[in-house]
Structure formats: structure tokens, C-alpha cells
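Peer 1: This is the structure alone, sequence omitted:
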């Protein structure tokens, strides 16, 4: 099976712009979770989607949003980018849900906000 | 507020030695995860521990969970250089808001 893919892998944006990141899970996986990793805050949970529904969300402002499509592919959107949004964004998939099963992570998208 | 603390944050050790990484958390939870991250790479899920007393082993790594002590350990047996990485533990709050909280990570450097 192909692994989790994320696009783009690298991205440079300027403050105030918006960005959309994409995640394609392993075939058959219905759960997609998103995480942010920064040197200062470490790893933080953003949200989880399962069968097109958001199951839960971390403590991030409303500028961070996501969605999941019927084929389980997920997108994450960040509007009005701030310098502090520079981070590695990881997505992970699992068959039924992140809390019960092993998750499989994509390679990540490195976002730099200037 | 749920807090997750890992100890130590940095560990340098010789090949062939045994060592343990500790993960303490502050409030009730019965789901704990261990991940590995190589420099500049993504995360790899190592273990999912779902109940008190759970023990899982994979190669030279063994993880255990004591929910009463709010403690998980990741034990490394006869370390080899390939195990050099950063190890994260994370805790879920299933009966509260179902948010996962990560520790700061333990950077493990194994000297050949």
C-alpha cells in the first residue's frame, strides 16, 4: 500500500496570506489527524477527521480549519498567516481512529511564513 | 490542565547499555502513545498503550503503562546506534475533551 502523502512538502508564504495543505491517507483509512510541530511549542494536536466529520479539535484559533472529503483526503487551511505559524505540519491516518490504533504519518509540510 | 513530562530530555549513552525514558502525566488518562522522530523527518508511531498494566515490545524497545502512578516507561535494551532519535510520549483525555498532549521529547544519542 502507498503511504500517507502530503502536498506540498515545502511552502513559503508571507504574513496575511492564507495556505491550504493537503493530506492523502493510506487507502482504506477513514481517520486523518493533523499536528503542528514548532521548536518553541513542540508537537500540538490540531484536529481529527473521520468520515468527513471533525471529531475533535485542539486549542488553535479559528484561523486553522480543515475538512475531509468522501475519499478520506483531507485539507487544512490557515488564513491570515502569522510568523508563528511557521512549522512542520504533519498528518496521520488510521483505519478507525487515532485513539485506538497505530497512526501512520506523512512526511510533513514545512511552512515558512515571512 | 493535563501536563506531560518526559525525563530525561537528552540522553547520551553507549551501545550495548540499557536505559529507561520516563513519561509522567498529571491527570487521569488511560491511553498513552510513544513515537519516534529521526532528525528532519516525520513521526513514527511506536506503541499504543490502552490500559493499566499494558506492556508492549518491539525489538529492543519495551513500553509499559501504570495509570495509577500516571507513568509510562520506554525501556531500551542493549542499545544500538540505529535507535538514536527523539522519542515522544503523548497522552489522551478520552473522558474529557479527547485532546492529545505531547511531552517535549527525549533526544537519544547512542554512541558507537
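Peer 2: Everything's here; your move. Everything numeric here is computed off the predicted structure, so don't read it as measured data.
Peer 1: Spatially nearest residue to the residue most central in space within chain A (excluding sequence neighbours)?
Peer 2: For chain A, residue A:34 is the residue whose C-alpha lies nearest the centre (C-alpha atoms, centre = their mean; 3.3 Å). In space, not counting the residues next to it along the chain, residue A:34 is nearest to residue A:46; the distance is 4.0 Å by C-beta to C-beta, 6 or more residues apart in numbering or on different chains. The C-beta positions use only the backbone N, C-alpha and C, and glycine is treated the same way.
Peer 1: how near is the one you found to residue A:65?
Peer 2: 10 Å (C-beta to C-beta, to the nearest Å).
Peer 1: the more surrounded of those two?
Peer 2: residue A:46 (21 against 17; other C-beta atoms under 10 Å in any protein chain shown).
Peer 1: on that earlier part again, any shared contact partners between residue A:46 and residue A:65?
Peer 2: residue A:76 (C-beta atoms under 8 Å, 6 or more residues apart in numbering or on different chains).
Peer 1: Would you mind listing the residues in contact with the residue nearest to residue A:63 when sequence neighbours are not counted?
Peer 2: The spatially closest residue to residue A:63, leaving aside those adjacent along the chain, is residue A:79, at 4.9 Å (C-beta to C-beta, 6+ apart). Residue A:79 makes contact with A:18, A:63, A:65, according to C-beta under 8 Å, 6+ apart.
Peer 1: Using TSV, lay out the residues you listed together with pLDDT and secondary structure.
Peer 2: Shown next, in TSV, are the contacts of residue A:79 (pLDDT from 0 to 100; DSSP: H, G, I helix; E, B strand; the rest coil):
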residue	pLDDT	secondary structure
A:18	98	coil
A:63	97	coil
A:65	97	strand
